[in-house]
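Novice: for reference, the sequence and a predicted model appear below.
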Amino acid sequence: MRGHGQKLSRKEETAISALLTQGTLAEAASLAGIGEATLRRWLQRDDFQAAYRRARRETVSQAVAHLQRVSGEAVETLRTIMNDDQKPSSARVTAARVILEMSIKAVELEDLEVRIAALEALSAAKGGAW
């Protein structure tokens, strides 16, 4: 077992990359050039699991950033459909409903952020921890 703070080997890093792109453990192990049993053993180690979780979070974070970059286009598409008299009324209503639902969710999230920040400030002022 590795010591605290010790980095993963190149093979282990390759295995994590393969886990992110392949559909099965067998495929990931094969791509990484290791046996499936080895990959299963690595997945049971805390350090490997932590690195894998970090890699998955980063992958999701990048996907979210991409979604945010194209969200303006999505809103414009919905707006165009909503305002197009040539589109079926069901498509126009659906576009309008999605716009309204997302707008409401955005306001709710902003409100929650403010409330959480206030609770954190209150907790910090009282010297407490969650």
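Specialist: Arrived safely.
Novice: domain-wise, how is this protein divided?
Specialist: The chain breaks down into these domains under automatic domain parsing: 1-69, 84-130.
Novice: find the nearest non-adjacent residue to residue 92, please.
Specialist: Excluding its sequence neighbours, the residue lying closest to residue 92 (C-beta to C-beta, 6 or more residues apart in numbering) is residue 82, at 5.3 Å. Quick note: C-beta positions are derived from backbone N, CA and C, even for glycine.
Novice: any idea how far residue 17 is from residue 30?
Specialist: Computed as C-beta to C-beta, to the nearest Å, the residue 30 to residue 17 distance reads 13 Å.
Novice: secondary structure class for residue 122?
Specialist: Reducing the assignment at residue 122 to three states with DSSP: H, G, I helix; E, B strand; the rest coil gives helix.
Novice: over to residue 51?
Specialist: Under the three-state scheme (three-state DSSP), the conformation of residue 51 reads as helix.
Novice: how about residue 6?
Specialist: Classification of residue 6 into helix, strand or coil gives coil, according to three-state DSSP.
Novice: quick one: residues contacting it.
Specialist: Residues near residue 6 by C-beta atoms under 8 Å, 6 or more residues apart in numbering: residue 47.
Novice: any idea how far residue 32 is from the spatially most central residue of the chain?
Specialist: Against the mean C-alpha coordinate of the chain, by C-alpha atoms, centre = their mean, the closest residue is residue 60 at 2.9 Å. Distance from residue 60 to residue 32, counting by C-beta to C-beta: 21 Å.
Novice: what's the answer for residue 79, then?
Specialist: Look at residue 79 and residue 32: by C-beta to C-beta, they are 46 Å apart.
Novice: which one's more surrounded, these two?
Specialist: Regarding residue 79 and residue 32, a neighbour count based on other C-beta atoms under 10 Å identifies residue 32 as having more, with 21 against 13.
Novice: okay, and residue 67 sits in which element?
Specialist: If you go by DSSP states H and E, residue 67 is part of helix 46-83.
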